[in-house]
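Colleague: The following block contains a protein sequence and its predicted model.
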Amino acid sequence: MDYLDGLNESQRKAVEATEGPVMVIAGAGSGKTRVLTYRIAHLINKGVDPFNILSLTFTNKAAQEMKERIGKIVGFSEARNIWMGTFHSVFARILRSEAEKIGYPSNFTIYDTQDAKNLIKAILKEEGLDEKVYKPGLVLNRISAAKNNLLSSTAYNNNTTIQSEDRQSAKPKIGEVYKKYESRCFKSGAMDFDDLLFKTNILLRDFPDVLNKYQHRFKYILVDEYQDTNFSQYTIVKKLGAVLENVCVVGDDAQSIYGFRGADIQNILNFKNDYPDVQTYKLEQNYRSTQNIVEAANCVIKNNKDQIEKNVFTSNTEGKAIKIHRAATDNEEGKMVANLIFETQLQQQAKAKDFAILYRTNAQSRAMEEALRRKNIPYKIYGGLSFYQRKEIKDLISYFRLIINPNDEEALKRVINYPARGIGKTTLDKITIAANNYQKSMWQIITNLHRVNIGINNGAILKINDFVSMLQSFAAQITSKNAYDLANEVATTSGVLKDLYADRTPEGISRYENIQELLNGLKEFTETENEEEEDVTPRGLPEFLQDVALLTNADNEKEEDKNKVTLMTIHSAKGLEFPYVHIVGLEENLFPSQLSLTSRVDLEEERRLFYVAITRAEKELHLSFSTSRYKWGNLMFCEPSRFIEEIDEKYVEYTFTKGSRAENPVKPKNSYNSGYPSTKNDYSKPKNYSSQKKNKPPQPEHTTPKNLTKIGASTDDVSANTLNLSEGMMVNHQKFGNGVIETLENGKATINFQNIGNKQLLLKFAKLTIVK
DNA sequence: GTATTATCTAAGTCT
DNA sequence: TAGATAATAC
């Protein structure tokens, strides 16, 4: 089999060891995907039915790409039958066909984080709990962690450790919220992300026949990125593989970066305890990166304690030194990176798609975007708000969701009064209370208003009835119309299109366009008539909706986005590679994150994150930091990240003089290498300013004038206003027109406007101009 | 009941 | 600074 010839010794062994438990420890860039691909292809060539292979990947995109690669070896008609996808999407699919067993409808809704948070908020309100104490995000995290450890709300409430934890954090009612949350989701026929795994576990635990069925269906199980599985996922794999034990896990403990999501690095460290006769293979040769990059990554990771011993090496060329850049502000950093990319593009004939800018937090993308835009460098951003999470899209999709599952409470609440149809807060509150009283869903209440009097006045009842019959008429068309036609009908009849069209502001126009884009997507979906599947069922709305909630931006990359600079968080860069990589924002409290500094475990995860970031690079790696940065609206000083220092100096090159403070960081050519300072961490930052304090720092001495005005602009304007104004002055306000200042004290002014009389304004917000 | 305006608070990573 | 929510005006 000639496809095996392209593999090295250990890769080949890992591919050929098809029977029994196998663990592949794959260093970064060591051809892990290759092994997985060939292993599956090899199984199929050996006669294994693709339907009997379950391959769990970390993203849907990875699954898609792998399928394509396997298809090229064994043929696409075979490859498409493999069960392949993320844990979430594969088990969502299985849950749909088995849902009734656990009391769910097969058309259950998948709640995304937004939906889940909204539900938590509603529950907090009903329970009279203070949102400031019980922060919805935090409560949800707690519930999520519980589910990932397979704790139901009952188990949560009976667990003394957890209860005392919650009491100690002054949030003893989280357990009750969890209980309500659980039952509300159930009543709504909804599962959140964690439920997809949690309920799968319930299914496999309580229904031995189902477990048995899947144990024999999935004769071969492969799990990619095994180091990032949580207990819930681990248990699923363990159970499914318990009979045949053909479980192959691939991963790298050094790249475990999802601890916050419950991922347990012990799963991979302890794999051999679970399967004593495991065959272990280590892939240690890196084919991706230059020697400098590989060695730098090794330097960094050796600072961590817990790890499986391995020696990642490469026979690639030494490559260029890793460049370290300093900037004065976050915007400067953006400019600098944009300039570097621009220059490299010219000098090395590189394409835009060869570059990636990686950051720790999504908020950092803004400065990068702006700089790239100014230089006309095409870019694309992953993460942040996905298309499907935009308000207008979610609104329309909520209609779709309701058509398919009318009990979906979060969808109902979103659209029952959007566009405005006179069903206000009071009415909604009454419905909610009734739903809770009768233990029914909101939909069940509003479709039975003629039977129970819950104190809604007749006018409102009429409006509700209109809404209900509109939805019912949509639902009636579900089989007769294809997804696009029905969606169009919904968008028009519901008034969503009209409402968005009426808004002619630029944002409004873009919202309208987004809806159009969604409809276009649906059209395409409808027209690609299941060409791959044998059965030619027309694709309706239910099929489209099935796992929209699980889609991310990466999953629907457009053709025109192919040749663009990639901007993403390091987390989402996992598994990817780029010739030129810029890691930005290497500052203490940002990377490593401030929240990680108190525990060794968290700090080690940050370090692994840095390791992941470094090892994305093939040819060139640039690290940059800024000496000041906006945070929560304040300019703060930053210290360079400790991670920079962890790389041996022989692999790096500073593009500025560490001791001075006057370098222009944009021009690396003649400024690097000139004299390292003897003291560590001396990056010319004034020592008396701690980045913890929210002091307003002095202006950087040698930044460009342009930048200076930009930093100071907003604050200066305000203070100018405050300083120059005095009582009796005539000022102009954008909306209120001209008026005379009557009083003026601590940032507040009472102004007598000619048209509307007295008004109190905060000078911080009011954009006043002096008339005389 | 709805639309506009003022005020508050938040930015850690993802399915 | 922005988005979410509370307060206020209509």
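Modeller: Cool, got the structure. Since the model is a prediction, treat every value here as computed from it, not as a measurement. Residues are numbered from 1 along each chain as shown, chains lettered A, B, ... in the order given.
Colleague: From the chain's centroid, how far away is the longest helix anywhere in chain A?
Modeller: Secondary structure of chain A per DSSP state H: the longest helix is helix A:506-527. Relative to the mean C-alpha coordinate of its chain, helix A:506-527 is positioned 22 Å out (Cα atoms, centre = their mean, to the nearest Å).
Colleague: what does that helix contact?
Modeller: Residues external to helix A:506-527 that are found in contact with it (Cβ atoms under 8 Å, 6 or more residues apart in numbering): A:387, A:390-393, A:396-397, A:482-485, A:487-488, A:491, A:496-497, A:500-503, A:538-539, A:544, A:556. For every residue, glycine as well, the C-beta is placed using N, CA and C.
Colleague: Got the confidence number for the residue of the stretch 501-650 of chain A at minimum distance from DNA strand C?
Modeller: Minimum separation of the stretch 501-650 of chain A from DNA strand C (Cβ to the nearest atom of the strand) falls at A:Gly633, amounting to 3.9 Å. As predicted, A:Gly633 sits at a pLDDT of 74.
Colleague: for the one 5 residues further on, same thing?
Modeller: On the pLDDT scale, A:Cys638 is placed at 90.
Colleague: ok, now how distant is the closest residue in space to it that isn't next to it in sequence from A:Phe186?
Modeller: The shortest distance from A:Cys638 to any non-neighbouring residue, by Cβ to Cβ, 6 or more residues apart in numbering, is to A:Glu587 (3.9 Å). To A:Phe186, A:Glu587 is 45 Å away according to Cβ to Cβ, to the nearest Å.
Colleague: Please apply the same query to A:Gly6.
Modeller: 51 Å.
Colleague: My read is that A:Gln163 contacts A:Ile174, right?
Modeller: No: A:Gln163 sits out of contact with A:Ile174 when judged by Cβ atoms under 8 Å, with a separation of 9.2 Å.
Colleague: Looking at these two now, which is surrounded by more residues?
Modeller: Ranked by neighbour count (other Cβ atoms under 10 Å), A:Gln163 and A:Ile174 place A:Ile174 first, with 25 against 15.
Colleague: So the spatially closest residue to the more buried one that is not a sequence neighbour, which state does it fall into?
Modeller: Of all residues not flanking A:Ile174 in the chain, A:Asp166 sits nearest, at 5.0 Å (Cβ to Cβ, 6+ apart). When classified by DSSP: H, G, I helix; E, B strand; the rest coil, A:Asp166 comes out as helix.
Colleague: Please report how far A:Asp166 lies from A:Phe87.
Modeller: For A:Asp166, the distance to A:Phe87 - Cβ to Cβ - is 28 Å.
Colleague: who has more neighbours, those two?
Modeller: Comparing A:Asp166 with A:Phe87 by other Cβ under 10 Å, the one with more neighbours is A:Phe87, at 21 against 18.
Colleague: what's the spacing between that one and A:Asn201?
Modeller: Taking Cβ to Cβ as the measure, A:Phe87 falls 11 Å from A:Asn201.
Colleague: repeat for A:Asn376
Modeller: Taking Cβ to Cβ, one finds A:Asn376 at 51 Å from A:Asn201.
Colleague: residues from the stretch 551-700 of chain A in reach of DNA strand C?
Modeller: Residues of the stretch 551-700 of chain A lying close to DNA strand C by Cβ under 7 Å from any atom of the strand are A:632-633.
Colleague: More neighbours: which of A:Gly6 and A:Phe186?
Modeller: A:Phe186 (17 against 11).
Colleague: Secondary structure element holding the more buried one?
Modeller: helix A:174-187 (DSSP states H and E).
Colleague: Which secondary structure elements does that helix sit against?
Modeller: helix A:113-127, helix A:136-148, helix A:153-158, helix A:160-168 (3 or more Cβ pairs under 8 Å, 6 or more residues apart in numbering; DSSP states H and E).
Colleague: Now for A:Phe87 and A:Asn201: what residues contact both?
Modeller: Common contacts of A:Phe87 and A:Asn201, defined by Cβ under 8 Å, 6+ apart, comprise A:Ile236.
Colleague: How about the residues of the stretch 351-500 of chain A by DNA strand B?
Modeller: A:360-363, A:383, A:417, A:420-427, A:460.
Colleague: Is there a quick PyMOL command that grabs whichever of those are buried?
Modeller: Provided next is the PyMOL selection string for whichever of these are buried by 16 or more other Cβ atoms under 10 Å:
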select buried, chain A and resi 360+362+383+417+421+423+427+460
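Colleague: From the residues of the stretch 351-500 of chain A next to DNA strand B, which land in helices?
Modeller: Mapping those onto helices (DSSP H) picks out A:425-427, A:460.
Colleague: Distance to A:Ile403 and pLDDT added to those residues, as a markdown table?
Modeller: Listed next are these as a markdown table, based on distance: Cβ to Cβ, whole Å; pLDDT from 0 to 100:
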| residue | distance to A:Ile403 | pLDDT |
| --- | --- | --- |
| A:Lys425 | 25 | 84 |
| A:Thr426 | 27 | 85 |
| A:Thr427 | 22 | 88 |
| A:Ala460 | 23 | 88 |
